[in-house]
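> sequence first, predicted model second:
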Amino acid sequence: MKISRYATQWAAKVIVWMGAFSTLAVMIWILIQVLMEGLPLLHLDFFLDSPRQMGRSGGIFSTIIGTMALTAVAIIIATPLGVGTAVYLKEYTRETRLTRLIRFGTDCLAGVPSIIFGLFGFVFFVIFLKMGWSILSGGLTLAVMILPTIISTAEEAIKAIPRSYREVSFALGGTRWQTVARVILPNALPGILTGVLLGVGRSVGETAPLILTAGSSLLVPTSLFSPIRTMSVHFYILAREGISMEMAYATGAALILLILTINTLANWLLWRYVRKKRG
Amino acid sequence: MIKEKFLEKSLFLVALSSISVLALIAFFIFEQGVPLIWKAGPFSFLLGERWFPSQGSFGIFPMIVGSFWVTIGALIIGVPLGVACAIFLCELTPAAVSAAFRPMIQLLAAIPSVIFGFWGLIVLVPLIRNYLGGPGLSVLAGSLVLGIMILPTIISISEDSLRALPRTLKEGALSLGATHWQTIWRVLLPAARSGIVASIILGMGRAIGETMAMIMVLGNAVQMPDSILSSTRTLTTNIGIEMGYATGDHRQALFATGVVLFFIIMGLNTLALVISGRRRS
Amino acid sequence: MGSTSVQPFAESLAEEYMVHYPQEKIYVQGGGSSAGIHAVRSEAAQIGMSSRPLMPEEKDLIAIPIAYDAITVIVHPSNPLDNLGTEQIRRIFSGQMKNWGPAGGRNHAITLVTREEGSGTREAFQHLIMGKTEISLGALVQDSNGAIRQLVADDPHAIGYISLGLVTDQVKALKIDGVEANVENIKERRYKIVRPFLFVFKASPERQVKNFLDYILSPPGQNLLVQEGLVSVTTISATPPGGAPSK
């Protein structure tokens, strides 16, 4: 029995539609699951109060500080390194074996599993450099993890700048560095910022490497050398220990909201950038 | 001029940061792990079926098998769904709809793995336990969660590959009388093949490297799974779950597990790069 | 830092202590008994928490029991069994008995769960109950007492072991050989699956450390621990807790 091409097409399209919608459905299910139980529990006190009784009560203030501090350290270290690498690759050299090696290295770094970063951070920052379990150790480990992302997006942003910009700058007598600093970077800024925001998003979500390098203290940190627990780590511990399911849901909801905000910001920036380029 | 030279040299050093870090990571992990692989004997480490650190047995074969099955499971779920979504976004919907879809996929990619693990623990595990049997914490749970987690990777890269195809390809096929679906199935997909395969390999890399969500839903029994309903542990969860307490040989054995992981991921990465031919942005 | 079994109690103590003495700061960290002891030696931490006795090579440090903890075997509240013999427990945890039927329970496979290798609680369980019998490699593994409790609370056919202090009404603690795990039985040495929680420190502790330790051993400190489910050091007094495998 020969099935007509059109019947096959219809069947295939139905399957594809079903596939796409089940994907969408599952995505929404996961988000709704946490948000539904968690959102009602979010109120101002939750954010301003630190966890008490090991997380059974109180809020998540210290974890918010921890998350912010770790992310800040990571961004401060990774951004100059990442942008610098991208600038060098695009502006100062041509495609050579070295540049291909650097790119390969960056891609490999991007693929390293987070637990390996955790092991590395533990043995290198915590033990070897004697930084102990601290914001510094955790932040440096995160910096290394988000470096490839920043390099890639910065490179894309710089690549997108039309050659004419550079030619004009050189024609006017500008040095390479002046061109970079005054023409390239300002124009690539939105793209670079998107990369930074992606890095922030990743930092917020990481858990395994942070448990091994930043510790899990519930106290508000007093210095870069204090141990700290981030929101993700707190969520993980609450969820697994069954200490308080409500607190777990609430922390999870807060986490999702944070990620949503960061993502929306990144998208908005990208949209504005694309519009500016068109207009 | 000196300033220019100085800046160029500094930027050169900065650019070396990513490979230097990679080398550092490799160095420290190997330094901790390799001595133990040597001490236990590479074959008995890799192929040994008993992992019992308190008695000095360090065989990681069950974990290799566990990683393997969970990853295959994740691909079985993630690849068809992912490619279907890519086709959907690229061919079957107007640009406005796919533009709306894209932020959702990005959001999915940004959600922390612990949230996925949590959902798996709260929703999937009880379902599996009550309707399919076994403890619920199983290869099946792990594959499902992991499959969902790698969807964004597969979707976005496959979609990019499809979109990058020249329009003439599609127009040519249609003008020769092929239906839309025939065009997709026989012309576009094969043409985008290298990109799709690259996305699969990257998805595989992500799946093999996942830790937290897997600790939450796999059950972590130190055995080779004998069905998709049985519990197991992966190379990553082996490290994650025992690192907290491990000292001495035990700790080095965990680093050694890391060494094995490192090689596997590097191998996959190289494969992906070779297949995609050019560096994907 | 140190044992994750001791950790929740140390954190409660620290929290209370810092309420009374706000200028003191105490950071509590997990990592395991061995890691904690190691940290004290390398001076990364001033106090190590341990749920196992010091080994001979660690005797240069001082260990003080701050409380005693019983390990209980737990099952789901709906499990019809109330009591198991030591021999039965051994056969279940080694994987020899795979079904609840022969023990008198429902005819269903047993879901076995244990702590991970290296855990002080697991070592204590091995030492105090299992003796020479190995825990089955097919057992599910969770990396904290709380996670085990959670698993047993969710799975009607599960069995595991946790600190007595962590038992809630989400799970049921079994009697072992007819003896229930409670303070009375522990005091009378009838329930023998007991281990000391130790605070470990270097020979001459700083004043801060001494103050915290004094607080812990004082009535308010001990009361806090008793409220949380541990057994006070004063209850056990001179005689050391049961260390040999029972029977």
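Yep, that arrived.
> can you pull out the low-pLDDT segments for chain C?
Applying pLDDT under 70 to chain C flags the ranges C:235-247.
> helices of that one, start to end?
C:7-20, C:33-41, C:86-93, C:120-125, C:145-154, C:183-187, C:207-217, C:219-227, C:233-236 (DSSP state H).
> and for the stretch 51-200 of chain B?
Using DSSP state H, counting those that start in this stretch, the helices of the stretch 51-200 of chain B run over residues B:61-87, B:95-110, B:113-119, B:125-127, B:139-163, B:167-175, B:180-182, B:189-191, B:193-209.
> check chain A too.
Using DSSP H, helices in chain A cover A:5-38, A:44-48, A:61-87, A:97-111, A:114-121, A:135-159, A:163-171, A:176-179, A:185-205, A:208-213, A:231-241, A:245-278.
> can you list the buried residues in the second one?
By neighbour count, with 16 or more other CB atoms under 10 Å in any protein chain shown as the criterion, the buried positions of helix A:44-48 are residue A:46. C-betas here are computed from N, CA, C, even on glycine.
> please report phi then psi for the residue in chain B that chain C sits nearest to.
Using CB to the nearest CB, the closest approach of chain B to chain C is made by residue B:245 at 3.2 Å. Main-chain dihedrals, residue B:245, degrees, to the nearest 10: phi -110, psi -10.
> surely it touches residue C:38?
No - at 11.0 Å, residue B:245 does not count as touching residue C:38 under the criterion of CB atoms under 8 Å.
> and those two? Which one has more around it.
The residue with more neighbours, out of residue B:245 and residue C:38, is residue B:245; 28 against 19, by other CB atoms under 10 Å in any protein chain shown.
> from residue B:136, how far out is the more buried one?
Using CB to CB, to the nearest Å, residue B:245 is found at 26 Å from residue B:136.
> and residue A:47, by the same measure?
To residue B:136, residue A:47 is 34 Å away according to CB to CB.
> next: residue B:181.
Distance from residue B:181 to residue B:136, by CB to CB: 39 Å.
> wait, what's in contact with the nearest residue to residue A:225 once chain neighbours are set aside?
Once flanking residues are discounted, residue A:225 sits nearest to residue A:134: 4.4 Å by CB to CB, 6 or more residues apart in numbering or on different chains. By CB atoms under 8 Å, 6 or more residues apart in numbering or on different chains, residue A:134 lies in contact with A:126, A:214-215, A:224-228.
> one more time with 7 Å, if that's ok
Contact analysis of residue A:134 by CB atoms under 7 Å, 6 or more residues apart in numbering or on different chains lists A:214, A:224-227.
> can you check residue B:229 too?
B:128, B:132-134, B:138, B:140.
> of the residues you listed - the most surrounded one?
residue B:138 leads these on contacts (other CB under 10 Å) with 29 neighbours.
> name the nearest residue to it, ignoring sequence neighbours.
residue B:229 (4.9 Å).
> the one you found - that's part of a helix, no?
No - going by DSSP: H, G, I helix; E, B strand; the rest coil, the assignment for residue B:229 is coil, not a helix.
> and it, what are its phi and psi?
phi -90, psi 0.
> how close does it sit to residue A:240?
22 Å.
> if I look at the closest residue to residue C:103 other than its chain neighbours, how far off is residue A:211?
Among residues not flanking residue C:103 along the chain, residue C:88 sits closest, at 5.6 Å (CB to CB, 6+ apart). Separation of residue C:88 from residue A:211 (CB to CB) stands at 37 Å.
> before we move on, what about residue B:155?
30 Å.
> quick one on the thing from earlier: residue B:181 and residue B:136 - which one has more neighbours?
residue B:136 (27 against 20).
> residue contacts, the more buried one?
B:125-126, B:128-129, C:155.
> could you redo the last one with a cut-off of 10 Å?
B:120-121, B:124-130, B:217, B:219, B:229, B:231, C:111, C:140, C:151, C:154-155 (CB atoms under 10 Å, 6 or more residues apart in numbering or on different chains).
> buried subset of those?
Counted by 16+ other CB under 10 Å, those give B:120-121, B:124-125, B:128-129, B:217, B:219, B:229, B:231, C:111, C:140, C:151, C:154-155 as buried.
> of all these, which comes closest to residue C:218?
The nearest member of these to residue C:218, counting by CB to CB, is residue C:151 at 36.6 Å.
> residues from the stretch 1-150 of chain B in reach of chain C?
Proximity of the stretch 1-150 of chain B to chain C (CB under 10 Å from any CB of the partner chain) is limited to residues B:49-55, B:57, B:62, B:121-122, B:125-126, B:129-130, B:133-138.
> whoops, chain A was the one
Within chain A, the positions lying close to chain C (CB under 10 Å from any CB) are A:51-55, A:126-127, A:130, A:132-133, A:211-212, A:215-219, A:221-222, A:226-228, A:237-243, A:245.
> ok, and of these, which contact chain B?
For chain B, the contacts drawn from those by CB under 10 Å from any CB are A:127, A:211-212, A:237-240, A:245.
> of these, closest to chain C?
residue A:240 (4.5 Å).
> the closest one reaches residue B:122, doesn't it?
No - counting by CB atoms under 10 Å, residue A:240 sits too far from residue B:122 to count as a contact (11.5 Å).
> please identify which of these two sits among more neighbours.
Neighbours were counted for residue A:240 and for residue B:122 using other CB under 10 Å; residue A:240 has more, 24 against 19.
> where does chain C get nearest to chain A, residue-wise?
residue C:146 (2.9 Å).
> that residue contacts residue A:236, correct?
No - Residue C:146 is beyond contact range of residue A:236, at 11.7 Å (criterion: CB under 10 Å).
> have a look at those two and say which one is more surrounded.
For residue C:146 and residue A:236, the more surrounded residue by other CB under 10 Å is residue A:236, and the numbers stand at 30 against 22.
> these two touch, right, that one and residue A:207?
Yes - between residue A:236 and residue A:207 a contact is recorded at 5.3 Å, counting by CB under 10 Å.
> overlap in contacts of those two?
With CB under 10 Å, 6+ apart as the test, residue A:236 and residue A:207 both reach A:230, B:112-114, B:117, B:212-213, B:215.
> out of the residues you listed, who's nearest residue A:163?
Of all the shared contacts of residue A:236 and residue A:207, residue A:163 sits closest to residue B:112, with 40.3 Å by CB to CB.
> which ones are touching the closest one?
By CB under 10 Å, 6+ apart, the contact set of residue B:112 is A:201-202, A:204-207, A:230-232, A:235-236, A:252, A:255-256, A:258-259, B:118, B:212-213.
> try 7 Å this time
Residue B:112 neighbours (CB under 7 Å, 6+ apart): A:205, A:207, A:232, A:255.
> biggest separation within those, which pair?
Spanning the widest gap among these are A:207 and A:255, at 10.5 Å by CB to CB.
> who touches both of these two?
Common neighbours of residue A:207 and residue A:255 (CB under 7 Å, 6+ apart) are A:232, B:112.
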